[in-house]
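>>> prediction below, plus the sequence it came from.
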Amino acid sequence: MRTMAFAALGALGLLGACAQPESANLTSSQLVARGDYLVNGVVLCGDCHTPRLENMQTDETRKLQGGHTGAPPPMADVAPEIAGIPATFTHEQFVSFLQTGVRPDGSHPRPPMPGYRLNEDDARAVAAYIATLPRAQAEAPQQP
Ligand code: HEC
């Protein structure tokens, strides 16, 4: 009987561990690596949000620093910079946006921005990765 009770406790402990999102068990660098894979290999945010070179290839030195979709009105041509997470979102608001497709102010971006419904693990990984990307440098006056 006693062993069975222990087994049951063990099983409960395991369930408790499983109830947490998987992302909680990843180190931050593992989370960023997973987000890199998702963003650049699966959901392809850069197809719209990364600027293009003259040869139409995405400029990988300026990842997610803002691009054009070529979509006609009333759709949105400008896909704004999201590198470093847009200033109008906190980290948690950005994670939530990736799960709901709704901005912190309750609005939805216009098409062709897809309304993503990522699960929490994927949303946390994508946000962790995008947070590491440098924002475009503001136009700085030339140093003498
Ligand atoms: C098919 C093109 C396309 C793809 C792919 C795409 N976006 Fe967008 N995204 C847009 C456009 C266009 C807008 C601007 C919509 C508007 O102006 O209403 C936008 C808007 C946004 C905004 C709102 C920015 C703000 O300041 O309000 C966020 C955040 C965003 N995208 C994140 C992402 C992320 C993260 C991914 C990948 C997971 C992604 N987008 C993939 C086209 C795209």
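Here it is on my side, so go on. Please read these numbers as outputs of a predicted model, since none were measured by experiment.
>>> roughly how far does residue 92 sit from the ligand?
13 Å (CB to the nearest ligand atom, to the nearest Å). For glycine as for every other residue, the C-beta is placed from the backbone atoms N, C-alpha and C.
>>> quick one: buried residues of the one helix or strand that residue maps to?
Here residue 92, judged by DSSP states H and E, is contained in helix 91-100. Neighbour-count burial for helix 91-100, counted by 16 or more other CB atoms under 10 Å, picks out 93-98.
>>> who are the packing partners of the helix or strand that comes right after it?
Counting by DSSP H and E, the next helix or strand C-terminal to helix 91-100 is helix 120-132. Judged by 3 or more CB pairs under 8 Å, 6 or more residues apart in numbering; DSSP states H and E, helix 120-132 is in contact with helix 28-37, helix 91-100.
>>> for my notes, please list the ones you listed in TSV and give mean pLDDT for each entry.
Supplementary listing: the helices and strands packed on helix 120-132 in TSV, determined by pLDDT from 0 to 100:
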stretch	mean pLDDT
helix 28-37	96
helix 91-100	98
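>>> in a markdown table: those helices, plus distance to residue 56.
As requested, the helices and strands packed on helix 120-132 are arranged in a markdown table below (distance: least, CB to CB, whole Å):
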| stretch | distance to residue 56 |
| --- | --- |
| helix 28-37 | 23 |
| helix 91-100 | 27 |
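>>> residues contacting residue 68?
48, 51-52, 77-79 (CB atoms under 8 Å, 6 or more residues apart in numbering).
>>> among these, which are within reach of the ligand?
Residues of these in contact with the ligand (CB under 6 Å from any ligand atom): 48, 79.
>>> closest one of the contacts of residue 68 to residue 39?
Minimum distance to residue 39 across the contacts of residue 68 is 12.0 Å, recorded for residue 48 (CB to CB).
>>> now, which of the contacts of residue 68 lie within strands?
78-79 (DSSP state E).
>>> so how do I select the buried members of the contacts of residue 68 in ChimeraX?
Selection of buried members from those for ChimeraX, criterion 16+ other CB under 10 Å:
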select :48,51,79
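>>> nearest spatial neighbour of residue 84, skipping sequence neighbours?
Among residues not flanking residue 84 along the chain, residue 135 sits closest, at 4.2 Å (CB to CB, 6 or more residues apart in numbering).
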